[in-house]
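Novice: Structure of the sequence below:
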Amino acid sequence: MSLMLEGKPLGPDEKTLLIAEVSANHDGDLDRALHLVDIAADAGWDCLKLQTYNADSLTMRSDHPSMDVQKSWGRPTLYDLYEWAHMPMEFHRPLFDKARERGLLPFTSIYDPRDLDFIEDLGCAVYKIASFEMTFDDLLRAVGTTGKPVILSTGMATMDEIEHALEVLDKAGSGPVVLLHCCSSYPAPFEQINLRAMALIGERFGRMVGFSDHTIGSRGPLAAAAIGAVAVEKHFTDDPTRDGPDHKFSATPDVMREIAQGVEEIHTLRGSPEKHTTENEVGSKAWGRRSAFALHDLPAGHVVAEEDFRFIRPSAGIPPTDKAALVGARLSTAVRQGHPIRYEDLDR
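Specialist: Here you go, the predicted structure:
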């Protein structure tokens, strides 16, 4: 179970795929957005992810009180927030091009089926469905018809909602679907992250599972990688103090580098699902394991009794696990006191 996305491997035996989320941190400035591409590439990340929407594709102008948002988001209504945060459509092509020049896989979150042709023209290799859109069946069907892989975030979701979304995507002919465990809180507190849900999701649906992170710092992504996340997605910025809805919970370049280095080391530490004596352990096994050593001189022809030996370090003789082969055996050769009793010393 693995994928290759424009040369980027994604799978349980691969290094965790790192997805740098630009989100609204472009601040409506193409030069700043292009600078973010360099930050992601220089930090050692694998992918650059955009968000393709505008205020009208997500909501509408309305004076209904349900449209009001918390003051911490910086704008009074959903429409105002998305009008402020959206990325201009003309930014997409230069950002896709710059990402590929820097060795990153560019892709985007799609929010409206009407944007599908535009994104297809960019040569988008994989589609992201945000947690907030996973119940928008029309969008899922449209994306599914491309036959391309889908990365589906599952913030706020129940298991039944995940199952329904997968059914819609599968029936539409979607490519492989990777599920991202997520807590849709900004920022998300550690006590609500529940990374162990990744295993539950993977077992229930038989899909690869990663983590979409909204915590502060590097611990969440690194913990997710350590327990097998195939991908980690995280918002990033060059300045978390700047005005904007997403900067305050986004990773700085230093945190990005820390995550990338940590993920490399974790991949090495995780190794493979095998258990054997490693090359570096051979020496330790030789001097650190116990074996039979003679407590006094034992002549050839002697029948070995328990009082004739002790199991001590190093592992130069018969091991404790085969004591039965030793007790009652006749020696074919003499063994001096303090020397190991070996299999070749026995008359077998």
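Novice: Break this structure down into its structural domains.
Specialist: As recorded under automatic domain parsing, the domains making up the chain are 3-270, 279-345.
Novice: Identify the residues contacting stretch 148-167?
Specialist: When contacts are defined by Cβ atoms under 8 Å, 6 or more residues apart in numbering, stretch 148-167 is touched by residues 3, 5, 19, 124-132, 134-135, 140, 143-144, 169, 174-184, 201, 204-205, 207, 210, 212, 231, 233. Heads up, the C-betas are built off the backbone N, CA and C, glycines and all.
Novice: quick revisit: most packed of the domains of the chain?
Specialist: Among the domains of the chain, the stretch with the highest mean neighbour count (mean count of other Cβ atoms under 10 Å) is domain 3-270, at a mean of 18.
Novice: which stretches of this structure form helices?
Specialist: Here the chain has its helices, by DSSP state H, at 30-42, 55-58, 78-85, 92-101, 116-121, 137-144, 159-171, 197-205, 219-226, 253-270, 282-288, 323-326.
Novice: As TSV, the ones you listed with distance to residue 9 and mean pLDDT would be great.
Specialist: Below are these laid out as TSV (distance: least, Cβ to Cβ, whole Å; pLDDT from 0 to 100):
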stretch	distance to residue 9	mean pLDDT
helix 30-42	18	98
helix 55-58	33	95
helix 78-85	32	90
helix 92-101	17	98
helix 116-121	23	98
helix 137-144	22	98
helix 159-171	22	98
helix 197-205	18	98
helix 219-226	15	98
helix 253-270	11	98
helix 282-288	31	97
helix 323-326	48	97
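Novice: how about a markdown table for those helices, with distance to residue 310 added?
Specialist: Formatted as a markdown table, these follow (distance: least, Cβ to Cβ, whole Å):
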| stretch | distance to residue 310 |
| --- | --- |
| helix 30-42 | 60 |
| helix 55-58 | 77 |
| helix 78-85 | 74 |
| helix 92-101 | 66 |
| helix 116-121 | 73 |
| helix 137-144 | 69 |
| helix 159-171 | 58 |
| helix 197-205 | 46 |
| helix 219-226 | 42 |
| helix 253-270 | 37 |
| helix 282-288 | 16 |
| helix 323-326 | 11 |
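Novice: Mind checking these for the one nearest to residue 24?
Specialist: helix 78-85 (3.6 Å; Cβ to Cβ).
Novice: So what touches the closest one?
Specialist: So helix 78-85 is in contact with 23-24, 53-55, 58-62, 67, 69, 73-75, 244-246, going by Cβ under 8 Å, 6+ apart.
Novice: Show me how far it is from its chain's centre.
Specialist: Chain-centre distance of helix 78-85: 31 Å, with Cα atoms, centre = their mean, to the nearest Å.
Novice: got the contact list for residue 101?
Specialist: Counted by Cβ under 8 Å, 6+ apart, residue 101 has zero contacts.
Novice: let's see 10 Å
Specialist: Contact analysis of residue 101 by Cβ atoms under 10 Å, 6 or more residues apart in numbering lists 37, 41.
Novice: How about the contacts made by the most centrally placed residue in the chain?
Specialist: Nearest to the mean C-alpha position of the chain, by Cα atoms, centre = their mean, lies residue 229 at 2.9 Å. Residues near residue 229 by Cβ under 10 Å, 6+ apart: 12, 16-17, 180-181, 195, 198, 208-213, 221-223, 263, 266.
Novice: can you do 8 Å?
Specialist: 16, 181, 198, 209, 210, 211, 221.
Novice: Identify the farthest-apart pair in those.
Specialist: 209 and 221 (14.1 Å).
Novice: Ends of stretch 121-134, what's the gap?
Specialist: 23 Å (Cα to Cα, to the nearest Å).
Novice: per-residue pLDDT, the residue nearest to residue 343 when sequence neighbours are not counted?
Specialist: Closest residue to residue 343 apart from its sequence neighbours, by Cβ to Cβ, 6 or more residues apart in numbering: residue 318 at 6.1 Å. The model reports residue 318 with a pLDDT of 98.
Novice: do residue 189 as well
Specialist: Looking at residue 189, its pLDDT stands at 97.
Novice: and it, how far is that from residue 250?
Specialist: The gap separating residue 189 from residue 250 is 16 Å, by Cβ to Cβ, to the nearest Å.
Novice: Please apply the same query to residue 335.
Specialist: Distance from residue 335 to residue 250, by Cβ to Cβ: 70 Å.
Novice: now residue 228
Specialist: With the distance defined as Cβ to Cβ, residue 228 ends up 25 Å from residue 250.
Novice: With residue 119 instead?
Specialist: Distance from residue 119 to residue 250, by Cβ to Cβ: 23 Å.
Novice: same check, this time on residue 35
Specialist: Between residue 35 and residue 250 the distance is 14 Å, computed by Cβ to Cβ.
Novice: ok, now residue 47?
Specialist: Distance from residue 47 to residue 250, by Cβ to Cβ: 16 Å.
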